[in-house]
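> Dropping the sequence and predicted coords here.
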Number of protein chains: 2
Amino acid sequence: MNEEEAAALFGALSNADRLRVIRALVEAGPDGLNAGDIADKIEASPSRASFHLAALSESGFILRERKSRSLYYRVDFERIGGLLTFLMDDCCNGSPQLRNCCNS
Amino acid sequence: MNEEEAAALFGALSNADRLRVIRALVEAGPDGLNAGDIADKIEASPSRASFHLAALSESGFILRERKSRSLYYRVDFERIGGLLTFLMDDCCNGSPQLRNCCNS
DNA sequence: ATATTATTTCAAGAATCATTGAAATGAAAG
DNA sequence: CTTTCATTTCAATGATTCTTGAAATAATAT
């Protein structure tokens, strides 16, 4: 991962609606949630929710799968972790001061 | 920290120039670097560098101090760590899957 | 086949963010 | 006290992102 890529990924996290989507999907667990329920949970119109789901999906933070009529989304923790690792190790040179945040 | 705040902080990280600034300051260590040297290092004009320094400064990721004619900047690891902690604990409910990224 | 449900896509407009170069500020030196 | 050096601020412009509501697509049920 280079700086351009990482910047784009941070961009995907730089929106409150999208952080709420992630929280909702984390709470829902491995089965995930369908687009309609996500829209309800973050209190956004279907098209607005869809816009933010697309952003998170394109960045790889969430994965989707069709189940009958509905599209279910779930979190990809590996991808989120990968970005945090980039920040801690590449950008911040493995600084213990920063890595410590994981144990607090 | 709430989602709006966190989103704004991720926004401050969502730019390649700004990630390069952070890397340069981490490499420079606790003494930091002055604005001109930062501009040189990230290959940006003074005003462009200043714009990005202001964004990082307003978000609290970097601190500045005048030394004679120059303004020196340095990283605030606590602030960066605070954002990562928010993401891991608040957004992602302390998921071990995500917290593991710190040990990899 | 047609209707219903779930979701996305699209176009238009509004809002935010980034870049540029010129002018303004602040501190120090001659 | 004027000049120089370091940096920021500003205005203009361009680029990107977000929101809205309407239309399109995809799967299922009647």
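Nice, I can see it. Residues are numbered from 1 along each chain as shown, chains lettered A, B, ... in the order given.
> Run through the residues of chain A sitting next to DNA strand D.
Within chain A, the residues that sit near DNA strand D (Cβ under 7 Å from any atom of the strand) are A:11, A:14-15, A:17, A:44-48, A:51-52, A:55, A:66, A:68-69. For every residue, glycine as well, the C-beta is placed using N, CA and C.
> quick one: which of those residues sit in strands?
The strands, defined by DSSP state E, take in A:Arg66 from the residues of chain A next to DNA strand D.
> Can you select the buried ones among the residues of chain A next to DNA strand D for me in ChimeraX?
Per 16 or more other Cβ atoms under 10 Å in any protein chain shown, the buried members of those correspond to this ChimeraX selection:
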select /A:11,14,15,17,44,52,55
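> from the residues of chain A next to DNA strand D, which are also near chain B?
A:11, A:14-15 (Cβ under 8 Å from any Cβ of the partner chain).
> Mind checking what helix or strand follows the helix or strand encompassing A:Tyr73 in sequence?
A:Tyr73 is located in strand A:70-75, with elements delineated by DSSP states H and E. As assigned by DSSP H and E, the chain's next helix or strand after strand A:70-75 is helix A:77-85.
> What's the local residue count around the residue in chain A positioned nearest to DNA strand C?
Relative to DNA strand C, the nearest point of chain A is A:Gly36 (2.4 Å; Cβ to the nearest atom of the strand). A:Gly36 has 13 neighbouring residues, counting by other Cβ atoms under 10 Å in any protein chain shown.
> Am I right that it falls within a strand?
No - with DSSP: H, G, I helix; E, B strand; the rest coil as the criterion, A:Gly36 is helix rather than part of a strand.
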